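Trainee: Fold the following and give me the result.
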Amino acid sequence: MTAKTVGFIGGGRVTRIFLEGWQRANAMPGQIVVSDCNAETLMKLKARFPQIETAPGNSAAAAAQDIVFLAVHPPVLAEVVARIKGSLKPGGIVVSLAPKFTMAKLTELLGGFARLARVIPNAPSVMNLGFNPVAFGPALMTADKTELADLLKPLGDSPEVAESKLEGYALLSGMGATYLWFQLQALREVATGFGLSDADITPALKRTVCGATRTLLESGLTPTEVMDLIPVKPLAEMETQVIEMYRTRLPALYQKIKP
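Mentor: Numbers count the residues shown, from 1 in each chain. Predicted structure coming up:
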């Protein structure tokens, strides 16, 4: 548990992911202040995490903490940053959880404040199984980086990466689960019709998904060889369509979130 106080500007999905992960790991920071313009959002968050402080409509309260997470969407980030620049501690750290806005741009919007980092959050952090790549700004010292890394550690892996790669990670890991979850849930539901219980399905599906990923990435076989390991492919006629969606929709979205 960090001795630093933590602020979240925005009380939506990303903030809940972090809080769930910390709580599951018994690593909740000692003081957390969450601000949001929606009082109902904060009320629900407070009910789930009674130990946090909430500040409806008061982003300055969250911004005055030692480590401040910007947990808002890119379209409103510039407006939010403009409101908090006068409330930041000189020795504080601001961590953006959004794509598109570079640290150089954030420094400009913050009137020269440069103690920054950027993280691409990953939803499996709720299970302490996240992949949250982080880029540190040049103004941060080793001790600052260690403090932030320790804060992220209970959520899963947080490798340090080049800032230029963060938008790529946003499409790969940040949004990656959404490409799979609905298919896995459909398979789970269909399997019950085959006479399998949840107790049967859970270990089989978990091992299948994890094993399939490792086989593709670590077996030493080519992708073609891996995909030829199973002779029957019930959804084969749909593969071309799905692949085409990956190859068109994801690059188009990448262009939209690039700085």
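
Trainee: Make sure Thr5 is actually in contact with Pro29.
Mentor: Yes - with contact defined as C-beta atoms under 8 Å, Thr5 and Pro29 form a contacting pair (7.2 Å). C-beta: built from backbone N, CA, C; applies to glycine.

Trainee: Glu79: neighbouring residues, count only.
Mentor: Glu79: 10 surrounding residues under other C-beta atoms under 10 Å.

Trainee: And it, what's its pLDDT?
Mentor: pLDDT recorded at Glu79 is 93.

Trainee: Kindly export the host helix or strand of it (C-alpha atoms) in PDB.
Mentor: Assigned by DSSP states H and E, Glu79 falls within helix 74-84. C-alpha atoms of helix 74-84 as PDB (Å, rounded to 0.1, in the frame of the first residue of the first chain):
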ATOM      1  CA  PRO A  74     -10.000  12.100 -24.800                       C
ATOM      2  CA  PRO A  75     -12.800  14.400 -26.100                       C
ATOM      3  CA  VAL A  76     -13.000  16.100 -22.700                       C
ATOM      4  CA  LEU A  77      -9.500  15.700 -21.500                       C
ATOM      5  CA  ALA A  78      -8.300  19.100 -22.600                       C
ATOM      6  CA  GLU A  79     -11.200  20.800 -20.800                       C
ATOM      7  CA  VAL A  80     -10.600  18.800 -17.700                       C
ATOM      8  CA  VAL A  81      -6.800  19.500 -17.600                       C
ATOM      9  CA  ALA A  82      -7.400  23.200 -18.000                       C
ATOM     10  CA  ARG A  83      -9.500  23.200 -14.900                       C
ATOM     11  CA  ILE A  84      -7.000  21.400 -12.600                       C
END
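
Trainee: Pull out the buried positions in that helix.
Mentor: Residues of helix 74-84 classed as buried: Leu77, Val80, Val81, Ile84 (neighbour count, 16 or more other C-beta atoms under 10 Å).

Trainee: Ok, stretch 29-42 next?
Mentor: Within stretch 29-42, the residues scored as buried using 16+ other C-beta under 10 Å are Pro29, Gln31, Ile32, Val33, Val34, Ser35, Asp36, Thr41, Leu42.

Trainee: pretty sure Ser87 contacts Ala60?
Mentor: Yes - applying C-beta under 8 Å, one finds Ser87 in contact with Ala60, separated by 4.0 Å.

Trainee: The helix holding Glu79 packs against which elements?
Mentor: Under the contact criterion of 3 or more C-beta pairs under 8 Å, 6 or more residues apart in numbering; DSSP states H and E, helix 74-84 touches helix 59-63, strand 67-70, helix 103-109.

Trainee: Quick one: closest of these to Pro231.
Mentor: Closest to Pro231 of the helices and strands packed on helix 74-84, according to C-beta to C-beta: strand 67-70, at 48.5 Å.

Trainee: List of residues touching that closest one?
Mentor: For strand 67-70, the surrounding residues in contact (C-beta atoms under 8 Å, 6 or more residues apart in numbering) are 2, 4-10, 14-15, 18, 62, 77, 80-81, 84, 88, 92-98, 147-148, 151.

Trainee: Quick one: mean pLDDT for the helix or strand where Val242 lies?
Mentor: Element membership for Val242, per DSSP H and E: helix 236-257. Helix 236-257 shows an average pLDDT of 95 in the prediction.

Trainee: Run the angle between that helix and helix 74-84 for me.
Mentor: 30 degrees (axes from the mean of the first three to the mean of the last three C-alpha atoms, to 10 degrees).

Trainee: Please compute how far helix 236-257 lies from its chain's middle.
Mentor: Centre-to-centre, helix 236-257 and its host chain are 21 Å apart (C-alpha atoms, centre = their mean, to the nearest Å).

Trainee: Please enumerate the helices of the stretch 51-200 of the chain.
Mentor: Assigned by DSSP state H, counting those that start in this stretch, the helices in the stretch 51-200 of the chain fall at 59-63, 74-84, 103-109, 142-152, 166-169, 176-192, 198-218.

Trainee: All set, thanks.
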